[in-house]
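*Asks:* pasting the structure only:
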Ligand code: AMP
């Protein structure tokens with residue numbers, strides 16, 4: 001029986017390590033000392049999953065609720081939150097609170113105890129579910145040491161931050177199983193859950209699963225392949241650097257459809273079985289595929305909800321259909337669904353993930369022809385310009401953007417491997433340049449890395465930084481910006497020239513992240529300067545509140561189940 005505290009100590013050690021090699025070694029060693037069942041639990045927790053996915057998507061306990069329980073256990077009704085300003089994350093805040101206010105307890109919880117607690121929380125539904133879930137959590141936290149409470153809080157809110165992502169976990173499992181990483185990835189593809197993968201590695205049965213890679217386990221969802229972002233079509237071409245196709249990117253919900261003979265099951269992006277909520281879609285797929293699916297087909301696609309006039313409806317409406325348990329018939333009449341297929345993962349009973357994307361598309365195109373299934377619109381552009389035209393048209397038609405996919409890429413379940421790139425319309429903010437770094441290499445002699453800031457009433461300088469970029473300007477613009485910024489120079493610190501905050505630039509970005517790097521707490525991803533806004537003065541630049549609001553909007557968009 002392994003104590004949960006040992007895992008909590010391991011996580012602490014991982015957070016203090018920057019060597020990936022060392023992290024892999026430590027995790028492999030740790031899992032190697034556990035029973036297969038315990039290795040399953042530990043790997044799952046390390047991945048930040050409370051329960052095996054598919055069975056239950058989440059515990060449905062918010063950070064606020066965890067905090068409330070932690071306060072109660074500490075005998076407080078509220079505390080001065082500024083005491084926790086130094087906490088690196090939510091877990092650490094809970095740990096600090098327990099250290100300050102709660103009597104110490106000895107480590108007694110086992111890995112299996114914590115798993116049982118999480119399973120119990122996940123299983124609670126219906127009347128007073130929230131209250132009952134919190135009671136179980138209270139019992140768990142009451143027995144937890146400070147360090148264990150930190151880890152429990154992190155797992156419950158899904159914010160691990162120990163630097164051990166899925167990629168490294170797979171490496172550790174490969175080491176544990178003494179198998180090449182590719183074998184482990186292959187088996188993960190079929191098994192689909194990191195805990196079960198670790199258990200198999202510990203049992204020494206990974207090889208057996210890897211030996212039969214083409215055998216599909218129908219009605220067990222594969223993890224969907226994911227996309228990275230590219231800022232522009234040009235960047236997507238450069239980054240893939242080989243022939244690619246562009247597809248419309250629909251803003252709907254991912255579905256994986258398994259069909260064998262006449263049985264159809266549909267899984268969501270998070271691998272939940274949503275078949276029962278979507279009988280109309282099931283029926284349509286069954287009717288279209290008919291005899292074509294005798295030996296088994298798995299399709300990957302996107303579903304959008306339509307209004308009665310056939311126009312796309314808001315994403316929130318679509319989620320209502322996915323969660324629906326009652327009056328499904330009425331809702332499917334009021335809110336018909338449109339299915340757009342973009343990939344095929346199994347055909348005639350065999351996995352097709354090892355075929356190239358182009359070959360898979362060819363199978364799909366033939367199948368669509370015979371079945372009447374609708375595929376996403378797609379082109380294989382021969383130039384960046386052709387791609388840009390397709391992108392602009394997609395935006396004009398109301399699509400979210402386009403996906404770029406390398407023609408020779410394989411389907412890599414669960415990976416955000418950069419062989420699929422999403423390109424969306426850049427959002428923009430008007431920001432002020434507050435400093436710039438001298439460039440090197442090709443940009444030597446120019447001030448080329450610009451520190452971008454939003455207006456802030458609370459900051460002494462009146463601005464708070466939200467990003468840096470050297471992307472966007474042409475050579476001539478770099479030269480002009482350098483001259484203008486030097487005329488605003490206030491100070492130089494190393495390679496960085498601090499300037500009077502006067503120059504306003506329009507900045508495109510893909511999304512906003514929380515980041516400890518800047519005092520503002522936010523960082524723009526894929527920032528690039530679109531143009532200088534000489535028509536704007538710094539007091540007309542966007543404020544930090546706008547940045548915060550945009551961030552909230554991103555977060556508030558409900559995640560697909
Ligand atoms: P994101 O959720 O922004 O990471 O974008 C990836 C998601 O876009 C996928 O999980 C799909 O749900 C969705 N999507 C829409 N159209 C496509 C497409 N043509 N190919 C792949 N994914 C798509």
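*Replies:* Happy to help now that I have it. If you're wondering where the values come from, they're calculated on a predicted model, not measured in any experiment. Residues are numbered from 1 along each chain as shown.

*Asks:* Residue 256 contacts residue 222, doesn't it?
*Replies:* Yes: look at residue 256 against residue 222 with Cβ atoms under 8 Å: they come within range, at 6.9 Å. No exception for glycine: its C-beta is placed from N, CA and C like everyone else's.

*Asks:* Need the overlap of contacts for the two.
*Replies:* Listed as contacting both residue 256 and residue 222 by Cβ atoms under 8 Å, 6 or more residues apart in numbering are 298, 345.

*Asks:* Neighbour count: these two, which is higher?
*Replies:* residue 222 (25 against 22; other Cβ atoms under 10 Å).

*Asks:* wait, the more buried one sits on residue 193?
*Replies:* No: applying Cβ under 8 Å as the test, residue 222 and residue 193 come out as separate, 11.2 Å apart.

*Asks:* show me what contacts whichever residue of the stretch 401-550 of the chain sits closest to the ligand?
*Replies:* Relative to the ligand, the nearest point of the stretch 401-550 of the chain is residue 403 (4.2 Å; Cβ to the nearest ligand atom). Contacts for residue 403 (Cβ under 8 Å, 6+ apart) come out as 227, 246, 247, 248, 249, 342, 420, 421, 422, 423.

*Asks:* That one should be in a helix, yeah?
*Replies:* No: assigned with DSSP: H, G, I helix; E, B strand; the rest coil, residue 403 falls outside any helix and is strand.

*Asks:* Okay, and the beta partners of residue 402?
*Replies:* When bridges are called by DSSP bridges, residue 402 pairs up with residue 248, residue 423.

*Asks:* burial measure for it, as a count.
*Replies:* Residue 402, neighbours per other Cβ under 10 Å, totals 30.

*Asks:* The one 3 residues further on now?
*Replies:* The local packing count at residue 405 equals 25, with neighbours defined by other Cβ under 10 Å.

*Asks:* Just to check, it is in contact with residue 360?
*Replies:* No: using Cβ under 8 Å, residue 405 is not in contact with residue 360, being 10.1 Å away.

*Asks:* Just put the contacts of residue 403 in CSV and tack on distance to residue 459, pLDDT and neighbour count.
*Replies:* Formatted as CSV, the contacts of residue 403 follow (distance: Cβ to Cβ, whole Å; pLDDT from 0 to 100; neighbours: other Cβ atoms under 10 Å):
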residue, distance to residue 459, pLDDT, neighbour count
227, 36, 90, 18
246, 42, 98, 26
247, 43, 98, 23
248, 42, 96, 22
249, 37, 95, 21
342, 45, 98, 23
420, 39, 96, 24
421, 35, 95, 23
422, 34, 93, 17
423, 34, 93, 27
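
*Asks:* Which helix or strand lies directly C-terminal to the lowest-mean-pLDDT helix or strand in the chain?
*Replies:* Taking mean pLDDT, DSSP states H and E as the measure, helix 206-211 is the helix or strand of the chain with the lowest mean score, a mean of 72. The first helix or strand that comes after helix 206-211 along the chain, using DSSP states H and E, is strand 228-229.

*Asks:* How far off centre is that following strand?
*Replies:* 10 Å (Cα atoms, centre = their mean, to the nearest Å).

*Asks:* what about that strand and the ligand, touching?
*Replies:* No: using Cβ under 6 Å from any ligand atom, strand 228-229 stays clear of the ligand, coming no nearer than 7.8 Å.

*Asks:* for the record, mean pLDDT for that strand?
*Replies:* Taken as a whole, strand 228-229 has an average pLDDT of 85.

*Asks:* Then stretch 459-472?
*Replies:* Stretch 459-472 comes out with an average pLDDT of 93.

*Asks:* got the contact list for that stretch?
*Replies:* For stretch 459-472, with Cβ under 8 Å, 6+ apart as the criterion, the contacting residues are 231, 429, 431-432, 434, 437, 439, 443, 448-456, 501, 507-509, 512, 518-520, 522-524, 527-530, 538, 544, 547.

*Asks:* what about stretch 187-202, start to end distance?
*Replies:* In stretch 187-202, first residue to last residue: 14 Å (Cα to Cα, to the nearest Å).

*Asks:* so after the helix or strand hosting residue 364, what's the next helix or strand?
*Replies:* Per DSSP H and E, residue 364 falls inside helix 357-371. For helix 357-371, the following helix or strand on the C-terminal side (DSSP H and E) is strand 378-379.

*Asks:* now what about that next one, what contacts it?
*Replies:* So strand 378-379 is contacted by 245, 246, 247, 248, 342, 361, 386, 387, 390 (Cβ under 8 Å, 6+ apart).

*Asks:* Would you tell me which residues of this protein are close to the ligand?
*Replies:* So the chain meets the ligand at 224, 226-227, 247, 249-250, 254, 269, 302, 342, 376, 403, 422 (Cβ under 6 Å from any ligand atom).

*Asks:* Give the buried residues for stretch 162-179.
*Replies:* 162, 164, 166, 168-177, 179 (16 or more other Cβ atoms under 10 Å).

*Asks:* Please disregard the earlier target; I meant stretch 302-311.
*Replies:* 302, 303, 304, 305.

*Asks:* Kindly report the same for stretch 77-94.
*Replies:* 79, 84, 87, 89, 90, 91, 92, 93, 94.

*Asks:* Isn't the third one up against residue 96?
*Replies:* Yes: with contact defined as Cβ under 8 Å, residue 87 counts as touching residue 96 (5.7 Å).

*Asks:* Near residue 514, how many other residues are there?
*Replies:* 10.

*Asks:* Could you do residue 281 as well?
*Replies:* Neighbours of residue 281 using other Cβ under 10 Å come to 22.

*Asks:* and it, helix, strand or coil?
*Replies:* helix.

*Asks:* Spit out the contact partners of residue 260.
*Replies:* Counting by Cβ under 8 Å, 6+ apart, residue 260 has contacts 218, 219, 293, 294, 295, 296, 297, 349.

*Asks:* Of those residues, just say which sits nearest to the ligand.
*Replies:* residue 297 (17.8 Å).

*Asks:* Ignoring the adjacent residues along the chain, who's closest to the closest one?
*Replies:* Nearest in space to residue 297, with sequence neighbours left out and distances taken as Cβ to Cβ, 6 or more residues apart in numbering, is residue 259 at 5.0 Å.
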